[in-house]
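**Student:** Quick one, what's the 3D model for this:
(4 chains)
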Protein chains: 2
Amino acid sequence: MIKADERREEIADYVIKLGQVRIDDLVEHFGVSRMTIHRHIDRLAQQGVLRKLHGAVTVQPSGLYESAFRYRVTVNRAEKDALARTALDYIEAGQVVMLDDSSTANAVATLLLDVKPLTVITNSVATAALLTHVDELDFICLGGQYHNTYNAYIGIVCENAVAQLRANVLICSASAIIGTTAFIQDPNVVRVKQAMMAASVKRILLIDHAKFDRIALHVFDDLTSFDVVLATEGLGDARAQALERAGVKLRIVKTKAP
Amino acid sequence: MIKADERREEIADYVIKLGQVRIDDLVEHFGVSRMTIHRHIDRLAQQGVLRKLHGAVTVQPSGLYESAFRYRVTVNRAEKDALARTALDYIEAGQVVMLDDSSTANAVATLLLDVKPLTVITNSVATAALLTHVDELDFICLGGQYHNTYNAYIGIVCENAVAQLRANVLICSASAIIGTTAFIQDPNVVRVKQAMMAASVKRILLIDHAKFDRIALHVFDDLTSFDVVLATEGLGDARAQALERAGVKLRIVKTKAP
DNA sequence: TACTAGCATGTTAAGTTAACGTCAATACGT
DNA sequence: ACGTATTGACGTTAACTTAACATGCTAGTA
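**Tutor:** Sure, this is the predicted structure:
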């Protein structure tokens, strides 16, 4: 329920404020069982917000602000799952699918095992780990310089690798949406994503509503460049109508059952 | 000790034979403490040979253990370690090191953490897993088509990625040695390795004695093309002298203490 | 209203890990 | 040679984590 998400935010804030906290302190501070704390921090750790130690948790070593920023974006697992499930509508067996390094695309990867046979291309280490050792699935990893923050391969080697390939469908995400433009934090990531755009026939952008009202530095592309933009219903009717008026091929995804 | 490696091989064989074994069964079967079994299987799991479940271990979900990378790691482990330790003589901090997809090069990777800072390039998934998340280490993964048998990325994408890079040192191995020529089983792997040769200033070949008296289909390169050929003493004096007469820069590595 | 499904949570038993101590083999300086 | 670190394997225990099952709450539905 919503209360669980709030509790997770409280826990994340608490840990981020103190830097490192023993699990028993969390148990005492929040007045719930040790098991429940474990379940919460497991999920936060899976989202990359916290890191479990053995009896304690710390914030991920990538700067407090960014961690605090990141966990709010990734909290909504239900939204990502709903987006991922809808994205499957645009993927058919036998196609070549390219996935970027976003956690949303990673969620799509978990569902792709039901659409085999398939060729999948990605620069995400997390997604690569999911797709190795899978039968009936041709997997191509985009190499490049490993970047810890994104847990992905980027850089010129990656861009050139993308340029050699062609995909039927690209599934990607962005850091922020301002007006009808998608933005990304890192210029090197932008170049990789733009190369992916150029190498794909159909382009699908997945955005949860937390991507609005945020700021990122570098322009990725205009929303009208995508064949489909999947957004969760949280973005609001006004904004949805504005985007459609601007020519964006928007499709709203309901988080709950249809 | 050597005994520990043998014990790990015994455990691996036992688990591979039965498919899945409970940890307590291993404790009883080998007559050591539960903790020791844990330590053994942790290492095997890290090598990708086994997978820990929770109270049990299984073999990795991939059909071909004999020829697969995972099993090769445990074969001739003492020899590979000796070769790897000697190979460190040719690597200095700050250099760019390229490693192929051989298990021997993987053994070198485990030792590289002591030579930081370093830039490491590889197409091996096992080696990549070792080198991600390491501070002071610039890691570049060579992408390409994932190949289950080698647990590595190969193909034209990989070859082109290699061609964009330059390394100070290449550490590689071969499937077989016949006369003064190194052979490889798979033509696609040959092309990647040849690209690696062209992209490296100093080339080092690591071969354990099991590589002699074997047959592989495709020519990799002549042994005289390497700046150093490290071989274990098992290859025999006669063969060593013949190679040196042919101009091979051979260095014999002792497995045991002198 | 009653029924059902889906979560969040608690409880307990089984399993795992960290930390420390012992022992043997190896390296090193004198 | 000799004693002295050093290293790695192994065991023991206490702390910690996980899986599995049970309970209760909430929302949607007949």
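
**Student:** can you pull the contacts of residue A:177?
**Tutor:** Taking Cβ atoms under 8 Å, 6 or more residues apart in numbering or on different chains as the definition of contact, the neighbours of residue A:177 are A:183, A:207, A:211-212, A:214, A:223. For every residue, glycine as well, the C-beta is placed using N, CA and C.

**Student:** Look up phi and psi at it.
**Tutor:** Main-chain torsions, residue A:177, degrees, to the nearest 10: phi -120, psi 120.

**Student:** if I look at it, how far off is DNA strand C?
**Tutor:** According to Cβ to the nearest atom of the strand, to the nearest Å, residue A:177 stands 27 Å off from DNA strand C.

**Student:** And residue A:107, by the same measure?
**Tutor:** Separation of residue A:107 from DNA strand C (Cβ to the nearest atom of the strand): 15 Å.

**Student:** helix/strand/coil for that residue?
**Tutor:** Applying DSSP: H, G, I helix; E, B strand; the rest coil to residue A:107 yields a three-state assignment of helix.

**Student:** and the gap between the closest residue to it other than its chain neighbours and residue A:97?
**Tutor:** Beyond its immediate neighbours in the sequence, the residue positioned closest to residue A:107 (Cβ to Cβ, 6 or more residues apart in numbering or on different chains) is residue A:84, lying 3.9 Å away. Plainly put, residue A:84 is 12 Å away from residue A:97 if you go by Cβ to Cβ, to the nearest Å.

**Student:** Can you mark which positions in the helix or strand containing the residue nearest to residue A:107 are buried?
**Tutor:** Taking DSSP states H and E as the criterion, the element that holds residue A:84 is helix A:77-87. Of the residues in helix A:77-87, those with enough neighbours to count as buried (16 or more other Cβ atoms under 10 Å in any protein chain shown) are A:79-84, A:86-87.

**Student:** Average pLDDT for whichever helix or strand comes after it, rounded please.
**Tutor:** Secondary structure here is assigned by DSSP H and E; on that basis, the next helix or strand after helix A:77-87 toward the C-terminus is strand A:96-99. For strand A:96-99, the mean pLDDT works out to 96.

**Student:** by contact count, what packs against strand A:96-99?
**Tutor:** helix A:103-112, strand A:118-122, strand A:167-172 (3 or more Cβ pairs under 8 Å, 6 or more residues apart in numbering or on different chains; DSSP states H and E).

**Student:** can you list those in CSV and add mean pLDDT and mean neighbour count?
**Tutor:** Shown next, in CSV, are the helices and strands packed on strand A:96-99 (pLDDT from 0 to 100; neighbours: other Cβ atoms under 10 Å in any protein chain shown):
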stretch, mean pLDDT, mean neighbour count
helix A:103-112, 82, 22
strand A:118-122, 95, 24
strand A:167-172, 97, 24
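
**Student:** Any chance of TSV for these, columns distance to DNA strand D?
**Tutor:** TSV is the format used below for the helices and strands packed on strand A:96-99 (distance: least, Cβ to the nearest atom of the strand, whole Å):
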stretch	distance to DNA strand D
helix A:103-112	17
strand A:118-122	26
strand A:167-172	29
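
**Student:** now the ones you listed as TSV including distance to residue A:155?
**Tutor:** Compiled in TSV, those are given as follows (distance: least, Cβ to Cβ, whole Å):
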stretch	distance to residue A:155
helix A:103-112	19
strand A:118-122	15
strand A:167-172	18
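
**Student:** List the residues that contact the residue nearest to residue A:107.
**Tutor:** Taking Cβ under 8 Å, 6+ apart, we find residue A:84 in contact with A:104, A:107-108, A:110-111, A:206.

**Student:** Flag every residue of the stretch 51-200 of chain A that's near chain B.
**Tutor:** If contact is defined as Cβ under 8 Å from any Cβ of the partner chain, the residues of the stretch 51-200 of chain A in contact with chain B are A:123, A:125, A:128, A:131-133, A:138-146, A:148, A:151, A:153, A:155-158, A:160-161, A:164-165.

**Student:** Hmm, residue A:130 is touching residue A:108, no?
**Tutor:** No: if you go by Cβ atoms under 8 Å, residue A:130 and residue A:108 don't touch, sitting 10.3 Å apart.

**Student:** So which residue is dead centre in chain A?
**Tutor:** residue A:103 (2.4 Å; Cα atoms, centre = their mean).

**Student:** so that one sits right up against residue A:81, yeah?
**Tutor:** No: contact between residue A:103 and residue A:81 fails when scored by Cβ under 8 Å: they sit 11.1 Å apart.

**Student:** Could you give the residue of chain A that lies closest to DNA strand D?
**Tutor:** For chain A and DNA strand D, the shortest gap (Cβ to the nearest atom of the strand) falls at residue A:55, measuring 3.4 Å.

**Student:** how many other residues sit next to that residue?
**Tutor:** By the criterion of other Cβ atoms under 10 Å in any protein chain shown, residue A:55 has 8 neighbours.

**Student:** For the residue lying closest to residue A:142 once chain neighbours are set aside, the count of nearby residues, please.
**Tutor:** Taking Cβ to Cβ, 6+ apart as the measure, residue A:142 lies nearest to residue A:123, with 3.9 Å between them; neighbours along the chain are not counted. Here the count is done by other Cβ under 10 Å, and residue A:123 has 32 residues near it.

**Student:** so what's residue A:123 up against?
**Tutor:** So, once contact is read as Cβ under 8 Å, 6+ apart, residue A:123 ends up touching A:100-101, A:141-144, A:152-154, A:158, A:162, A:192, B:143.

**Student:** Mind doing that once more with 10 Å?
**Tutor:** For residue A:123, the set of contacting residues under the criterion of Cβ atoms under 10 Å, 6 or more residues apart in numbering or on different chains consists of A:98-101, A:141-144, A:146-147, A:150, A:152-155, A:158-159, A:161-162, A:189, A:192-193, A:195-196, B:141, B:143.

**Student:** now do residue A:56
**Tutor:** Remark: with contacts taken as Cβ under 10 Å, 6+ apart, residue A:56 is in contact with A:15, A:20-26, A:41.

**Student:** Please apply the same query to residue A:110.
**Tutor:** Taking Cβ under 10 Å, 6+ apart as the definition, contacts of residue A:110 comprise A:81, A:84, A:127, A:130-131.

**Student:** try 7 Å
**Tutor:** Residues in contact with residue A:110 (Cβ atoms under 7 Å, 6 or more residues apart in numbering or on different chains) are residue A:130.

**Student:** Ok, the one 10 residues further on next?
**Tutor:** Neighbour list for residue A:120: A:97, A:99, A:112, A:131, A:137, A:139 [criterion: Cβ under 7 Å, 6+ apart].

**Student:** and the one residue in chain A that gets nearest to chain B, how many neighbours?
**Tutor:** The minimum distance from chain A to chain B, using Cβ to the nearest Cβ, falls at residue A:143 (3.0 Å). Counted with other Cβ under 10 Å, the neighbours of residue A:143 add up to 29.

**Student:** And the pLDDT for it?
**Tutor:** At residue A:143, pLDDT is 95.

**Student:** pretty sure it is touching residue B:161, no?
**Tutor:** Yes: with contact defined as Cβ atoms under 7 Å, residue A:143 and residue B:161 form a contacting pair (5.2 Å).

**Student:** quick one: common contacting residues for those two?
**Tutor:** A:157, A:161, B:142-143.

**Student:** Can you add distance to residue A:92 and secondary structure and give those back as JSON lines?
**Tutor:** Written out in JSON lines, the entries for those read as follows (distance: Cβ to Cβ, whole Å; DSSP: H, G, I helix; E, B strand; the rest coil):
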{"residue": "A:157", "distance to residue A:92": "30", "secondary structure": "helix"}
{"residue": "A:161", "distance to residue A:92": "24", "secondary structure": "helix"}
{"residue": "B:142", "distance to residue A:92": "30", "secondary structure": "coil"}
{"residue": "B:143", "distance to residue A:92": "25", "secondary structure": "coil"}
